[in-house]
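1. dropping a prediction and its sequence here:
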Amino acid sequence: MSVELVKNRLRTLSEQVAKVTDEKEVLKAELEEEKRKREVCESEIQGLNRRIQLLEEDLERSEERLTSAQSKLEDASKAADESERAKKALENRSLSDDERICYLEDLMRQYNQTANEAERKYEEVCPFSFSSFFLSLSISCYTLIFVHTSTSCIRVIPLSIATSPSPRTALRFNSLSLFPQYLFCTTRGRKVLENRSQGDEERIDLLEKQLEEAKWIAEDADRKFDEAARKLAITEVDLERAEARLEAAEAKIVELEEELKVVGNNMKSLEISEQEASQREDSYEETIRDLTHRLKEAENRAAEAERTVSKLQKEVDRLEDELLAEKERYKSISDELDQTFAELAGY
């Protein structure tokens, strides 16, 4: 009866050990799975950190491009302002040159009108045979009077020529005595007018050159203004693109930070689960060691019981043999007694 109890106890302990071993294997598998998940999370965290670093670098490059675009935009704005100012200055200068040219043209028309009027008046008052020669002299003199040029030359001419109410009365003088004075006045006046005309032509040429230069500068300023406007438009487009990339990068960084927070929380929960699993594993290992110790003790007790049972079985066998021998002996004694009683009854 005690042997059966020991065997049942051993069977129960073996089942418990097998169950604990299975649970240990399951916990080991769970621990390995947790470790694998942790490694995956760590690799994901490293990848996210790398992506965040790349996005930060891209953000820095975008900020640098944005700063460069803003500086280029400021330079283009300054260049556009300078071009606009230069254009306005050239327009003002062109207007001033146009006014000066108009003034010179009016002055030349006045000169021509004065010369024509002097020629007409001379044709009316000239009775001399050398009319063509004196005509040029009188035209020069009258031209000198009307254009207010060389005052020294006017002084040579008698005042009656310019102030006489009648040209015929003004010409009543000794032609031979006044001819050198007229010749001197006319020659010098013609030279003065030629020099003045040449100076005016040179000034007109200079003004035309300045006008051409102003037009060229204005066209160049327009080209520069158009180029600055084009660069400004391109810079604005680049700026908008950089701002869009910057906003997208910031949104991506926020999203990655949220993912990183989620992964961090998962890592914390996995660490807690790993700690709990480690604690359970330690507890199970302690239980396994206890059960193993108890199993060894039970096995020792079972072996001792088996030895005791073997001894008892041998003792039982010996006693059974002795009992059988005693029974046979008792039977033989009984048979002898029966035979003896029978013999005694026969007598």
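-> That came through, no problem. Numbers count the residues shown, from 1 in each chain.

2. give me the contacts around stretch 26-36.
-> Stretch 26-36 is contacted by residues 270, 273-274, 277-278, 280-281, 284 when judged by C-beta atoms under 8 Å, 6 or more residues apart in numbering. In this view, the C-beta of every residue, glycine as well, is placed from N, C-alpha and C.

3. mind checking which of the residues you listed land in helices?
-> Of the contacts of stretch 26-36, the ones assigned to helices by DSSP state H are 270, 273-274, 277-278, 280-281, 284.

4. returning to that earlier point: would you mind listing which of the contacts of stretch 26-36 are buried?
-> Buried members of these, counted by 16 or more other C-beta atoms under 10 Å: 270, 274, 277, 281, 284.

5. so the second one makes contact with residue 38?
-> Yes. Between residue 274 and residue 38 there is a contact at 7.0 Å, judged by C-beta atoms under 8 Å.

6. now the buried ones among the contacts of stretch 26-36 in JSON lines, with distance to residue 324?
-> Supplementary listing: the buried ones among the contacts of stretch 26-36 in JSON lines, determined by distance: C-beta to C-beta, whole Å:
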{"residue": "270", "distance to residue 324": "75"}
{"residue": "274", "distance to residue 324": "70"}
{"residue": "277", "distance to residue 324": "65"}
{"residue": "281", "distance to residue 324": "60"}
{"residue": "284", "distance to residue 324": "55"}
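
7. show the average pLDDT along stretch 50-59.
-> On average, the pLDDT along stretch 50-59 is 78.

8. same deal with stretch 243-259?
-> For stretch 243-259, the mean pLDDT works out to 79.

9. swap in stretch 31-45?
-> 79.

10. got the buried residues for it?
-> 31, 34, 38, 41, 45.

11. just the closest of those to residue 313, please.
-> Nearest to residue 313 out of those is residue 31 (C-beta to C-beta; 49.0 Å).

12. okay, and that closest one sits in which element?
-> Assigned by DSSP states H and E, residue 31 falls within helix 2-125.

13. and what of residue 205?
-> helix 175-346.

14. which secondary structure elements does that helix contact?
-> Counting contacts by 3 or more C-beta pairs under 8 Å, 6 or more residues apart in numbering; DSSP states H and E, helix 175-346 packs against helix 2-125, helix 131-147, helix 151-156.

15. for these, which has the smallest mean pLDDT value?
-> helix 151-156 (a mean of 38).

16. how about the nearest residue to residue 292 once chain neighbours are set aside, what does it touch?
-> Distances taken as C-beta to C-beta, 6 or more residues apart in numbering place residue 17 nearest to residue 292, at 6.9 Å, with adjacent residues excluded. When contacts are counted by C-beta under 8 Å, 6+ apart, residue 17 touches 288, 291-292, 295.

17. please check those residues and keep the buried ones.
-> Buried among those (16+ other C-beta under 10 Å): 288, 291, 295.

18. ok, now how distant is the last one from residue 336?
-> Which is residue 295. According to C-beta to C-beta, to the nearest Å, residue 295 stands 58 Å off from residue 336.

19. returning to that earlier point: the helix holding residue 31 versus helix 175-346: what angle between them?
-> Put simply, helix 2-125 runs at 170 degrees to helix 175-346, going by axes from the mean of the first three to the mean of the last three C-alpha atoms, to 10 degrees.

20. let's have the chain start at 32 instead
-> Sure, I'll start numbering at 32, so the last one becomes helix 33-156.

21. with distance to residue 257 and pLDDT added, can I get the ones in helices among the contacts of stretch 57-67 in a markdown table?
-> Shown next, in a markdown table, are the ones in helices among the contacts of stretch 57-67 (distance: C-beta to C-beta, whole Å; pLDDT from 0 to 100):
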| residue | distance to residue 257 | pLDDT |
| --- | --- | --- |
| 301 | 64 | 77 |
| 304 | 69 | 77 |
| 305 | 69 | 75 |
| 308 | 74 | 74 |
| 309 | 75 | 78 |
| 311 | 79 | 78 |
| 312 | 79 | 76 |
| 315 | 84 | 76 |
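
22. out of those, who's nearest residue 354?
-> So of the ones in helices among the contacts of stretch 57-67, ranked by how close each gets to residue 354 (C-beta to C-beta), first place is residue 315, at 53.4 Å.

23. the nearest residue to that closest one once chain neighbours are set aside: what's it in contact with?
-> In this structure, residue 315 finds its nearest non-sequential neighbour in residue 55, 5.3 Å apart by C-beta to C-beta, 6+ apart. Remark: with contacts taken as C-beta under 8 Å, 6+ apart, residue 55 is in contact with 312, 315-316, 319.

24. and those residues as CSV, adding distance to residue 137?
-> As requested, these are arranged in CSV below (distance: C-beta to C-beta, whole Å):
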residue, distance to residue 137
312, 114
315, 119
316, 120
319, 124
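
25. widest-spaced pair of these?
-> Largest pairwise distance in those, by C-beta to C-beta, is 10.0 Å, between 312 and 319.

26. can you tell me how far the residue nearest to residue 315 is from residue 62?
-> Applying C-beta to C-beta to residue 55 and residue 62 gives a distance of 10 Å.
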